[in-house]
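K.L.:
okay, here's the prediction I keep looking at, along with the sequence it came from:
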Amino acid sequence: MTTLPAGAKDGAELLRAVLQAQEHERAAVAAALHEGVGQALKALALGLRGLDVGANAAARHRLERLTSDTLESVRHLALGLRPATLDDLGLAAALRAVARAAEAAGGPSVSVLAEIPDRAACAPGAAPEVELALFRVAQEAVDNIVRHARASDASIVVTARRGVWYLVVEDDGAGFDVATLAPGCRMGLDYARAWLVALGGDLRIESSRGGGTSVYGRVPVG
């Protein structure tokens with residue numbers, strides 16, 4: 001378990017507060033997209049379907065398709081910002097949603113194995129933050145797999161042992177040289193790493209060209 005020097009505790013708490021504020025902003029934007037833009041697009045789609053079929057049938061069909069595609073984009077954006085599944089059903093369900101979204105986006109088959117306790121079994125107030133931190137790691141790792149790895153298979157495994165939760169995301173794709181990865185290419189994982197560090201955990205990436213990539217995260221529950 002990672003321990004912080006006494007002088008660093010205030011810094012860790014500040015980092016944690018900043019990250020929590022960012023997550024609140026993400027949640028607010030996701031809710032606005034779902035409740036505002038999403039509902040408006042649904043109403044537009046219903047209105048288009050109610051129009052008479054006539055000379056403008058082709059134009060109506062194009063508008064229906066555009067509306068449907070835009071609604072799907074809004075849903076995808078809202079999921080990335082703050083998935084309702086994570087808040088409502090927990091980490092395992094949210095990871096399965098990430099896997100389904102990756103496959104729907106043309107990515108590889110992603111298996112999910114979650115061996116973690118129910119929220120009620122965890123330290124009060126700790127589990128939601130732990131789940132969020134590990135979710136962000138998995139979300140960014142899988143997004144990188146879809147965009148860059150050219151993998152055929154990937155997996156997400158999350159386990160809990162002796163008060164520590166562990167996450168492993170692996171793929172059999174192209175891999176890369178971790179030492180030469182540009183900072184701009186790992187911003188998402190750097191954000192996820194910051195969450196783990198703020199909670200006393202850590203993140204490690206192993207990869208080699210042609211040998212796939214493994215992302216390891218761990219964080220104490222208490």
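P.N.:
Noted; the coordinates are in hand.
K.L.:
OK, contacts around the nearest residue to residue 154 once chain neighbours are set aside?
P.N.:
Setting aside the residues directly before and after it, residue 154 is nearest to residue 171 in space (Cβ to Cβ, 6 or more residues apart in numbering), at 4.1 Å. All C-beta atoms are positioned from the backbone trio N, CA, C, and that covers glycine. Contacts of residue 171 were listed using Cβ atoms under 8 Å, 6 or more residues apart in numbering, and they are 108, 145, 149, 151, 153-155, 212-213.
K.L.:
repeat the analysis, applying 7 Å as the threshold.
P.N.:
For residue 171, the contact set (Cβ atoms under 7 Å, 6 or more residues apart in numbering) comprises 108, 145, 149, 151, 154, 212-213.
K.L.:
look up the closest residue to residue 93, ignoring the ones flanking it.
P.N.:
What sits nearest to residue 93 in space, not counting adjacent residues and going by Cβ to Cβ, 6+ apart, is residue 85, at 5.1 Å.
K.L.:
ok, the host helix or strand of residue 114: who's next to it in the sheet?
P.N.:
Taking DSSP states H and E as the definition, residue 114 sits inside strand 109-115. According to DSSP bridges, strand 109-115 forms sheet pairs with strand 153-161 (parallel).
K.L.:
just the buried positions in the strand it pairs with, please.
P.N.:
Within strand 153-161, the residues scored as buried using 16 or more other Cβ atoms under 10 Å are 154-158, 160.
K.L.:
what's the pLDDT at residue 179?
P.N.:
At residue 179, the model reports a pLDDT of 80.
K.L.:
could you do residue 127 as well?
P.N.:
67.
K.L.:
cool, the one 5 residues further on as well?
P.N.:
At residue 132 the predicted local confidence, pLDDT, stands at 85.
K.L.:
sec struct for it, please.
P.N.:
Classification of residue 132 using DSSP: H, G, I helix; E, B strand; the rest coil returns helix.
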